[in-house]
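# sequence and predicted structure, then a few things I'm wondering about:
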Amino acid sequence: MRPTPLDVEKISRLIQGHDQNVLMLGVTPDYAGVGTRLTAVDRTPQMINQHWPQDSERCTALYGDWLDLPFDDGAYSSVIGDGSINSAASGLTGLFREMRRVLKGSGVAAIRVFCSPEKPQSLAEVAYGYLEQPDLNSTALRFRIAMAIAHQFPGYTVRLEKVLEHFNEMFPDRGLLAEKTGWEQTDIARFDSLKGSDFEVGFPTREHILTHAKRSFASAYFVESEGYPLAELCPVLVLR
Ligand SMILES: C[S@@+](CC[C@H](N)C(=O)[O-])C[C@H]1O[C@@H](n2cnc3c(N)ncnc32)[C@H](O)[C@@H]1O
């Protein structure tokens with residue numbers, strides 16, 4: 001589910017004219033080349049160390065909290081990110097308020113978001129769909145399961161261990177899943193890395209996100225993504 005070159009091009013196009021001083025929420029390395037200057041912020045030093053290409057004069061990664069950014073009002077001409085809203089879905093109002101604060105008045109934000117469908121698929125529909133017509137990889141299945149259950153939780157926020165529990169119930173025969181999907185057993189076994197995880201990710205609906213975003217931004221809308229499984233559920237949120 002990493003951003004494709006098309007996603008990177010789309011984000012660059014959406015902030016065109018506002019890319020002098022870009023703030024990135026997170027350290028998605030694929031976007032490190034965006035903007036005349038770029039500052040990436042993440043609160044996990046390990047993520048910065050593992051994922052961020054070296055700092056340069058043009059782009060830097062800093063340790064910090066998106067809900068309390070260490071920057072002056074209006075310091076940035078644009079804000080970008082990939083899945084950042086999913087990682088902070090339980091505090092959307094505060095997140096959007098802080099994004100608006102650090103943006104110039106004329107600034108724009110463009111962030112790819114993984115959104116649950118307004119009418120969620122049931123787990124049975126997800127399971128049946130997979131045995132009939134699988135997506136290309138097991139990460140897409142992980143997302144589909146999380147999106148099917150997200151509506152049950154406050155802020156649409158799912159503890160990832162729940163995804164493993166449902167996966168095991170839906171596909172007790174991993175051999176059959178491997179046969180139907182053509183996936184390697186090692187790819188399927190990646191689900192087991194969720195065991196014991198207390199990591200939480202939010203999969204809000206588009207409407208939920210727009211409701212929160214419009215409390216801070218005059219304009220909020222989605223631009224569609226394309227070219228990969230689940231693209232219809234990974235639009236780019238644009239805020240002005
Ligand atoms: C699933 S990871 C990846 C997110 C994004 N796709 C990226 O490449 O950076 C989620 C990241 O969001 C960061 N994060 C979540 N909430 C945050 C917050 N309030 N402030 C700063 N970083 C935050 C975590 O530290 C983690 O590195």
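Cool, got the structure. Just so we're clear, the structure is a prediction, and the values are computed from it rather than from any experiment.
# which residue, other than its chain neighbours, is closest to the residue most central in space within the chain?
Taking CA atoms, centre = their mean, the centroid of the chain lies closest to G83, which sits 1.5 Å from it. Closest residue to G83 apart from its sequence neighbours, by CB to CB, 6 or more residues apart in numbering: F114 at 6.1 Å. To be clear about C-beta, it is placed using only N, CA and C from the backbone, and glycine gets the same treatment.
# contacting residues for the residue nearest to the centre of the chain?
G83 makes contacts with M1, G26, T28, R112, V113, F114, as judged by CB atoms under 8 Å, 6 or more residues apart in numbering.
# from those residues, which ones fall inside strands?
R112 (DSSP state E).
# out of the contacts of G83, which touch the ligand?
Residues shared between the contacts of G83 and the neighbourhood of the ligand are G26, T28 [CB under 6 Å from any ligand atom].
# narrow the contacts of G83 to just the buried residues.
M1, G26, T28, R112, V113, F114 (16 or more other CB atoms under 10 Å).
# flag every buried residue along the helix or strand hosting F143.
Under the criterion of DSSP states H and E, F143 resides in helix 138-150. Neighbour counts over helix 138-150 (16+ other CB under 10 Å) mark S138, A140, L141, R142, F143, R144, I145, A146, M147, A148, I149, A150 as buried.
# now the residues you listed in a markdown table, with pLDDT and distance to the ligand?
Shown next, in a markdown table, are the buried residues of helix 138-150 (pLDDT from 0 to 100; distance: CB to the nearest ligand atom, whole Å):
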| residue | pLDDT | distance to the ligand |
| --- | --- | --- |
| S138 | 86 | 16 |
| A140 | 87 | 15 |
| L141 | 92 | 17 |
| R142 | 93 | 12 |
| F143 | 92 | 12 |
| R144 | 93 | 17 |
| I145 | 96 | 16 |
| A146 | 97 | 12 |
| M147 | 96 | 16 |
| A148 | 96 | 19 |
| I149 | 97 | 18 |
| A150 | 97 | 15 |
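# do I have it right that R112 meets A231?
No: between R112 and A231 there is no contact under CB atoms under 8 Å: 10.2 Å.
# so for the two, which residues contact both of them?
S225.
# contacts made by the worst-scoring helix or strand of the chain on mean pLDDT with the rest, please.
Lowest mean confidence among the helices and strands of the chain (mean pLDDT, DSSP states H and E): helix 123-132, at a mean of 86. Surrounding helix 123-132, the residues in contact under the criterion CB under 8 Å, 6+ apart are 121, 141, 144-145, 148-149, 166, 169-171, 176-177, 180-181.
# what do you get if the cut-off is 10 Å, keeping everything else the same?
By CB atoms under 10 Å, 6 or more residues apart in numbering, the surrounding residues in contact with helix 123-132 are 120-122, 135, 138, 140-141, 144-145, 147-149, 166-167, 169-171, 176-177, 179-181.
# so for the strand or helix carrying I11, mean pLDDT?
Assigned by DSSP H and E, I11 falls within helix 5-14. For helix 5-14, mean pLDDT rounds to 97.
# what are the phi and psi values at Q46?
Main-chain dihedrals, Q46, degrees, to the nearest 10: phi -60, psi -40.
# counting neighbours, what do you get for it?
8 (other CB atoms under 10 Å).
# S106: what secondary structure?
strand (DSSP: H, G, I helix; E, B strand; the rest coil).
# taking the protein, what residue is nearest to the ligand?
G26 (2.6 Å; CB to the nearest ligand atom).
# hang on, that residue packs against D42?
Yes: here G26 reaches D42: they are 5.6 Å apart, a contact under CB atoms under 10 Å.
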